[in-house]
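[1] Curious how this folds, go ahead:
(2 chains)
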Amino acid sequence: MHNDHLKKILKATIINVIVAFFITGIIIGAIYLLVGEQIDEVVSLISKVSIDIENKDSTSDLKILDEGIKTYPEYGTQYATIEIPKIDVNLPVYYGDTLEVIKGARVGHSSGSYFPGEGGSIVYMGHNSEKVFRRFSELQKGNEIIIKTSYGEFKYKIYDMQLIQETEVEKIPIQKEKEILMIYTCYPFRNIGYTTQRYVVYAELEK
Amino acid sequence: MRGFPLIARYILIIILVISFILFAFINIASSTVLSKEYVLGKLDETNYYNGIYQELESNFEKYSQQSGLEEGALTQIISEEKVKDDVITIISNIYDGTDQEIDVTEIRTNLNNNIQQSISNLGVGNVNQEAVETFINTICDEYANTMSHTQYEQDINNVVMKVLKYTQMAKKALLIIMLVDIIFIFAICNKRLYKGISSIGVAAISSGVFNVVANVFVNSKIKINTITILNNTISNSLREILNNIVDKVSNYGYIFIGIGLVLVLLGNIIDSIKYEEER
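    Numbering: from 1, shown residues only, chains lettered A, B, ... in the order given. All right, here's what the predicted structure looks like:
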C-alpha cells in the first residue's frame, strides 16, 4: 500500500517534469522563430570582439623564399633589423606606425608601404631620441643602410635628405617602380614638445 | 468543453513561465549592470584602477621620446588615487546623471614642472613655448580620453535612466501579472488545491530549465573569456561582469528548478493523501 503511494507520487512528479520540459521547448522554439535571426546577429557581433589569443596564427615568422617575402608579419611585431653604421644605429624594425609600436628604441614600418625586396617604397620612422635617430644630421649621401630580415639582407645607399612639413605626404610617395627606402624622424632633433617638421633620408637599393 | 480548463491552465502556466523568466532577467540586470555599486565593486575586484593607471603610464611613455624630453619626465605626473577618483566621477556621470568633468590641473602642473626641470637638465636654451603647450595639451587629452573612452556619458546616462525607470515599472507589472495568473490557476483548478500547486511547480521548473539552457547556449556560442574591447584592463572587467551575469542566470535556474520540484512533489503528495482519504 505504502509503495503504491510512493509510486503514484513519483509517476505524477515525472509527468510534471516532462510537461515542464515540454513547455520550455515550446517557449525556446517560439523565441527562435520570433527573434532567432537577431540572436544569431548578436552572437556573431560579440564573436568579432572575442579574440582567441592562444589559437591565433602567428605570422611573425617570415618564410624564406627566393622571390622575397611571402608571409607578411603581424602588426606590431618585429620582422627585421636596421643598421646604419655611420651613426652607430642597430635597431629592431617593427611592422606598424603607431606611437605604441615605435615606443622605446624601435623603428616602425608604415603599414601602407612595401617590404624590403618587393621593389617599391619602404617607409620607416623612428623617434629623434638619442637611442634612435638623433644623429640623423650626420648622415651624408653615399652612406649605407642595411636591413636584415629572415628572408634576406638588403643594402641601400643614401641619395638624398630633405626637411619636410608633417603634412607634405607627397614627399614620401608610395610607388612600385623602384625600391626606395625612406626613413623619417621628428625635426629639430633636439626639440622639446610637439614638432611639425620631419627629416627624411632617402636611400635606394644597391644593385 | 471539458478540455477548456486544461487548455486554460496550460496557457496560464506558459504566461507564468514567461513572467518568471522576465522577472529573473530584470532582477539580474538591476543587480548587475544597472547598479552603480555593483559596477564600482567589480572594477575594484578586477583591479581596474591600477590597470588604467598602468595603461596611462605606458601611454605617456609613448610620448616621452617624441617630446625630446628626458626619460622619466612623464612618470609620476598622476597618482593612482587621482585615477580612481576620476573613474568614479565618470561612473557617477553615467549612473547618477552628474555632469562633472575630469580635472587635469594637477597633471598640467606636474607635467609643466617636469618639463622645466628636463629643459634645465638638458641645457636647452631656445624653447618653443607653443610646442611645449601643444605637448601638454596632448598629454592632458590622452589622460581624459583614456579615462572615459567615450564622449557620450550624458547620452549613456539618459539611456541608463530610462532603462532603470522601465525595469522598475516592468518589475511591478510582472509581480501583478504573476499574482493574477496564480489566482486564475487556482480558480480554474477549482477546489483541487494540489493541482494549482503542481501547476506553479511546473512553471517554476520550466523557467529554471530555460535559464539553464540560456546559460549553456551563451557558454557554447560566446567565448566570454576572450572578449577584447579597447584594452586589457577594460576587457578583464567586462569579462568578469559578463561571467557573473551568466552565472547568475544559471543560479536563478537552479533555484527555480529546486522550488518547482518541491511544489510539484507537495502537490502530488497532497493529491495522493486526498485520494487515500476518499477511498
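[2] For the spatially most central residue of chain A, which non-adjacent residue is closest in space?
    Centroid-nearest residue in chain A: A:Y75, 1.4 Å away (criterion: Cα atoms, centre = their mean). Of all residues beyond its chain neighbours, the one nearest A:Y75 is A:G96 (5.1 Å), with distances taken as Cβ to Cβ, 6 or more residues apart in numbering or on different chains. No exception for glycine: its C-beta is placed from N, CA and C like everyone else's.
[3] give me every residue that touches the residue nearest to the centre of chain A.
    A:Y75 is in contact with A:95-96, A:101, A:111, counting by Cβ atoms under 8 Å, 6 or more residues apart in numbering or on different chains.
[4] got it, and A:R134?
    For A:R134, the contacting residues are A:128, A:189-190, by Cβ under 8 Å, 6+ apart.
[5] Neighbour-wise, which one of the residues you listed leads?
    In terms of neighbours by other Cβ atoms under 10 Å in any protein chain shown, the contacts of A:R134 top out with A:N128 at 25 neighbours.
[6] For that residue, give its distance to A:Y184.
    Shown here: A:N128 relative to A:Y184, a distance of 10 Å by Cβ to Cβ, to the nearest Å.
[7] do A:G112 as well
    14 Å.
[8] between these two, who's got more neighbours?
    Shown here are A:G112 and A:Y184; by other Cβ under 10 Å, A:Y184 has more neighbours (24 against 9).
[9] how about the residues of chain A near chain B?
    Within reach of chain B by Cβ under 8 Å from any Cβ of the partner chain, chain A has these residues: A:5, A:8-9, A:12-13, A:16-17, A:19-21, A:23-24, A:26-28, A:43, A:46-47, A:49-53, A:99-100, A:103-104, A:127-129, A:132, A:186, A:190-195.
[10] host element of residue 12?
    This is for chain A. helix A:2-48 (DSSP states H and E).
[11] not quite, I wanted chain B
    Secondary structure (DSSP H and E) places B:L12 in helix B:4-31.
[12] any low-confidence regions in the stretch 51-200 of chain B?
    For the stretch 51-200 of chain B, applying pLDDT under 70 flags the ranges B:65-66, B:68, B:70-71, B:122-127, B:149-151.
[13] Just the closest residue of it to chain A, please.
    B:A131 (3.4 Å; Cβ to the nearest Cβ).
[14] How much space separates that residue from B:I119?
    Distance from B:A131 to B:I119, by Cβ to Cβ: 12 Å.
[15] Overlap in contacts, those two.
    A:I192.
[16] Next step: the contacts of A:R134 restricted to strands.
    Of the contacts of A:R134, none are assigned to strands by DSSP state E.
[17] so can I have CSV of these showing distance to B:C140 and pLDDT?
    Converted to CSV, those look like this (distance: Cβ to Cβ, whole Å; pLDDT from 0 to 100):
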residue, distance to B:C140, pLDDT
A:N128, 23, 85
A:F189, 26, 81
A:R190, 24, 74
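[18] Quick one: list the elements packing against the helix or strand hosting B:S206.
    Element membership for B:S206 (DSSP H and E) is helix B:193-221. Helices and strands touching helix B:193-221, by 3 or more Cβ pairs under 8 Å, 6 or more residues apart in numbering or on different chains; DSSP states H and E, are helix A:2-48, helix B:4-31, helix B:153-188, helix B:232-278.
[19] Please parse chain A into its domains.
    Using automatic domain parsing, the domain ranges for chain A come out as A:1-50, A:78-205.
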